[in-house]
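Student: my questions concern the predicted model and sequence given below.
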There are 2 protein chains.
Amino acid sequence: MTELEALAAGIRAGQYRALAKAISLVERDDPRSERLLADIYPATGKARVLGITGSPGSGKSTLVASIARFTRKQGKRVGIIAVDPTSPFTGGAILGDRIRMSDLYTDKGVFIRSMATRGFLGGLARATNDVVDVLDASGFDLVLVETVGVGQDEVEVVRTVQTNIVVLVPGMGDDIQAIKAGIMEIGDVFVVNKADRPGADKTVTEIQMMMSLVEEHGDWIPPIVKTVASKNEGIAELDEAVAAHYAYLDRSGELVRRSRERVRIRIETDLKQKFMDHLIGGVVPRAEYETLLDDVLHKKDNPHDAAENLLDRVRKR
Amino acid sequence: MTELEALAAGIRAGQYRALAKAISLVERDDPRSERLLADIYPATGKARVLGITGSPGSGKSTLVASIARFTRKQGKRVGIIAVDPTSPFTGGAILGDRIRMSDLYTDKGVFIRSMATRGFLGGLARATNDVVDVLDASGFDLVLVETVGVGQDEVEVVRTVQTNIVVLVPGMGDDIQAIKAGIMEIGDVFVVNKADRPGADKTVTEIQMMMSLVEEHGDWIPPIVKTVASKNEGIAELDEAVAAHYAYLDRSGELVRRSRERVRIRIETDLKQKFMDHLIGGVVPRAEYETLLDDVLHKKDNPHDAAENLLDRVRKR
């Protein structure tokens, strides 16, 4: 058994050390990580993967912690992947928040990983997907991916979860307009957190109004759940809403469709990157490519013909 | 002279009809548009391209209108590309806003185009870049790209402008936290619009504080300009700040660096799409690719090996 095979076996056996080592390999885009991910891939597909999306200040980290505790009480193992750099899980928030979550850090049935560091070589979305796979293969029942939902990487991350929970808070004012323009379409379940604040019902009404403006949401009408995550209120109701969404995904064929789309995105992202690596520095020497960029910059060539000619070099081989 | 050559000549001569026709070709990804864009490309590079980014409700459309009027008074031609679906320029806002901008719609020196319709086949960022090129080749001195700055497409659009203006309003509360997580890094100039409202100075201070937390912004410290766009107040100051940024871009070599990066992004985006078109349905029959997706979905294969094997088909030809 090679070292890599032993590592894959360790992951499948749910060993904490193997898990931590594998995730480190993925994070630094180690050449061995690809073989490892291929090895463990058949053991994936059992975990439920939820996205928790919301602005900093929406209390989504507290909600993530609350969902994790709720799930732990059912004896299930929970992985938390924090993509938001301001999350307490990534060390970006005030110390008090971290202390309130110390029970999760010491629980062996909970694995917390920050993905907030910039500069993943293979892309943040790809790295997040790979970490989800490692946790999944390692027997975690639930993986929570916490993201702010803004920016290119984050949107890509959200596209690969099974159920996306969008977290809002009462009294957002103009904020709800901004949500319309980007976040409304991606919510499978809406949460109005901090619902003990004034205006919670108004926010629910506002979300309902916004939802009526979104043209396509298929047969699923996203439920709106009121929570007070800091007091663990509304978590059972949220769990029910998420379970209902999963049942919908399953019976409608949408689960297979989303899984297949996720597979397609992963293959094509990987493929495009591999192709560029093959082309630039491989088929076309890097110095020649840099000269080509200069030619286009100085109008001796144009982007469209340059792309066509580069592809021809591959086509004609 | 072919029809396409006549169209390219019409664009370079600044003819309105040629311009409108070319943009229609680009928008529906007509096969002829690529040849056309290649033809006019040498005539591009003279326009100043500004991004105006902010939430709906920040008054950024009013600011865009105000900048356009200011620039028109100098006898320059102005193009407006609205990417935000809630902008009055895209027909997404209340009628009153559109009426207040009617002077711009009847001015032949102003060209307004909405890019808010979803489903650009070649991608929104690519289509926006192409429309910028058409306006640029047609002699427009200034192109304003209005975007909400949230979402994958929008972030891509912002990456290709020369100077990005981020618009904020007083009294954002938690909003400023959300900005930190995504928008702060992309601002070359900050505007506190609706600065006649209470709390404008507090917002300026908040932006300064957030800015001190952003690690890298090179030698350029983004200025913060207070405006009341609805009264055309602060527009001259904003114009000065934008001019100062351009002077910085020029003398620091950053202008060439950004232009070159823009060229690189355009070539590589194009190339990746052309490659996928070449591979799927070309080298690899579509039905075979669909079967491969199913194999990965059903764990008979994995994404990493699938991508590697697909690329091998190109490598080995």
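Tutor: Looks like it arrived, so ask away. Numbers count the residues shown, from 1 in each chain, chains lettered A, B, ... in the order given.

Student: outline the domain layout of chain A.
Tutor: With domains defined by automatic domain parsing, chain A comprises A:1-43, A:44-251, A:280-315.

Student: where among those domains is the average confidence lowest?
Tutor: Least confident of those, judged by mean pLDDT, is domain A:44-251 with a mean of 82.

Student: sorry, back to before: closest to residue B:250 out of the domains of chain A?
Tutor: Shortest distance between residue B:250 and the domains of chain A, using Cβ to Cβ, is found for domain A:280-315: 14.9 Å. In this view, the C-beta of every residue, glycine as well, is placed from N, C-alpha and C.

Student: report the buried residues of that closest one.
Tutor: Going by neighbour count (16 or more other Cβ atoms under 10 Å in any protein chain shown), the buried part of domain A:280-315 is A:280, A:283-284, A:289, A:292-293, A:296-297, A:301-308, A:310-311, A:314.

Student: next one: stretch A:51-62
Tutor: Quick answer for stretch A:51-62 (16+ other Cβ under 10 Å): A:51-62.

Student: quick one: end-to-end length of that stretch, please.
Tutor: With Cα to Cα, to the nearest Å applied, stretch A:51-62 spans 14 Å between its terminal residues.

Student: show me how far that stretch is from its chain's centre.
Tutor: Centre-to-centre, stretch A:51-62 and its host chain are 13 Å apart (Cα atoms, centre = their mean, to the nearest Å).

Student: ranges for the strands of the stretch 51-200 of chain A?
Tutor: Counting by DSSP state E, counting those that start in this stretch, the stretch 51-200 of chain A has these strands, from start to end: A:78-82, A:110-114, A:142-147, A:163-168, A:189-192.

Student: would CSV of those with mean neighbour count and distance to chain B be doable?
Tutor: Listed next are these as CSV, based on neighbours: other Cβ atoms under 10 Å in any protein chain shown; distance: least, Cβ to the nearest Cβ, whole Å:
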stretch, mean neighbour count, distance to chain B
strand A:78-82, 26, 12
strand A:110-114, 20, 14
strand A:142-147, 26, 10
strand A:163-168, 25, 11
strand A:189-192, 26, 15
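
Student: tell me the most buried of the domains of chain A?
Tutor: Highest mean neighbour count of the domains of chain A: domain A:44-251, a mean of 19 (counted as mean count of other Cβ atoms under 10 Å in any protein chain shown).

Student: chain center to it, what's the gap?
Tutor: Distance, centroid of domain A:44-251 to centroid of chain: 9 Å (Cα atoms, centre = their mean).

Student: ok so, going back, reformat the domains of chain A as CSV; add distance to residue B:16.
Tutor: CSV is the format used below for the domains of chain A (distance: least, Cβ to Cβ, whole Å):
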stretch, distance to residue B:16
domain A:1-43, 50
domain A:44-251, 31
domain A:280-315, 24
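
Student: right, and those domains - which one's nearest residue B:138?
Tutor: domain A:280-315 (16.1 Å).

Student: what about the closest one, how long is it end to end?
Tutor: Using Cα to Cα, the two ends of domain A:280-315 sit 14 Å apart.

Student: tell me if that domain is near chain B.
Tutor: Yes - using Cβ under 8 Å from any Cβ of the partner chain, domain A:280-315 reaches chain B at A:292-294, A:296-297, A:299, A:302-308, A:310-311, A:314-315.

Student: so which of those belong to strands?
Tutor: Assigned to strands by DSSP state E, none of those qualify.

Student: what's the one helix or strand residue A:5 maps to in contact with?
Tutor: Assigning secondary structure by DSSP states H and E places residue A:5 in helix A:3-12. Residues outside helix A:3-12 that contact it (Cβ atoms under 8 Å, 6 or more residues apart in numbering or on different chains): A:1, A:17-19, A:21-22, A:32, A:35-36, A:39-40, A:43, A:134, A:137-139.

Student: and if we set it to 7 Å?
Tutor: Contacts to helix A:3-12, defined as Cβ atoms under 7 Å, 6 or more residues apart in numbering or on different chains, come from residues A:18-19, A:21-22, A:32, A:35-36, A:39-40, A:43, A:134, A:137-138.

Student: for residue B:251, state which of these is nearest.
Tutor: Of all these, residue A:32 has the smallest distance to residue B:251: 46.0 Å, by Cβ to Cβ.

Student: which strand or helix spans that closest one?
Tutor: helix A:31-40.

Student: for residue A:225, same thing?
Tutor: According to DSSP H and E, residue A:225 maps onto strand A:224-226.

Student: just the CA atoms of the helix or strand following that strand, as CSV, please.
Tutor: Using DSSP H and E, the helix or strand that follows strand A:224-226 towards the C-terminus is helix A:235-252. The C-alpha atoms that make up helix A:235-252 are tabulated as CSV, following Å, rounded to 0.1, in the frame of the first residue of the first chain:
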residue,chain,number,x,y,z
ILE,A,235,-33.6,25.6,14.5
ALA,A,236,-36.0,22.6,14.5
GLU,A,237,-38.3,24.5,12.1
LEU,A,238,-35.3,25.3,9.9
ASP,A,239,-34.2,21.6,10.0
GLU,A,240,-37.7,20.7,8.8
ALA,A,241,-37.6,23.2,6.0
VAL,A,242,-34.3,21.9,4.8
ALA,A,243,-35.5,18.3,5.0
ALA,A,244,-38.6,19.3,3.0
HIS,A,245,-36.3,20.8,0.4
TYR,A,246,-34.3,17.7,0.2
ALA,A,247,-37.5,15.6,-0.2
TYR,A,248,-38.5,18.0,-3.0
LEU,A,249,-35.0,17.7,-4.7
ASP,A,250,-35.3,13.9,-4.5
ARG,A,251,-38.8,13.4,-5.8
SER,A,252,-38.6,16.0,-8.6
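
Student: what about the helices in the stretch 1-150 of chain A?
Tutor: Ranges of helices in the stretch 1-150 of chain A, per DSSP state H, counting those that start in this stretch, are A:3-12, A:16-27, A:31-40, A:60-72, A:95-100, A:102-106, A:124-137.

Student: which one, of these, ends up nearest to residue B:143?
Tutor: Closest to residue B:143 of these is helix A:124-137 (Cβ to Cβ; 30.6 Å).

Student: does any bit of the closest one sit next to chain B?
Tutor: No - judged by Cβ under 7 Å from any Cβ of the partner chain, helix A:124-137 stays clear of chain B, getting no closer than 8.7 Å.

Student: quick one: residue A:38 from residue B:301, how far?
Tutor: 9 Å (Cβ to Cβ, to the nearest Å).

Student: how far off helix A:16-27 does the helix holding residue A:32 point, in degrees?
Tutor: For helix A:31-40 against helix A:16-27, the angle by axes from the mean of the first three to the mean of the last three Cα atoms, to 10 degrees is 120 degrees.

Student: helix A:31-40 near chain B anywhere?
Tutor: Yes - legend: contact between helix A:31-40 and chain B by Cβ under 7 Å from any Cβ is shown at A:34, A:37-38.

Student: pLDDT of stretch A:260-275, averaged?
Tutor: pLDDT averaged over stretch A:260-275 gives 90.

Student: chain center to that stretch, what's the gap?
Tutor: With Cα atoms, centre = their mean as the basis, stretch A:260-275 stands 16 Å off its chain's centre.

Student: the residue lying closest to residue A:43 once chain neighbours are set aside: what's it in contact with?
Tutor: The spatially closest residue to residue A:43, leaving aside those adjacent along the chain, is residue A:137, at 4.0 Å (Cβ to Cβ, 6 or more residues apart in numbering or on different chains). Residues near residue A:137 by Cβ under 7 Å, 6+ apart: A:11-12, A:40, A:43-44.
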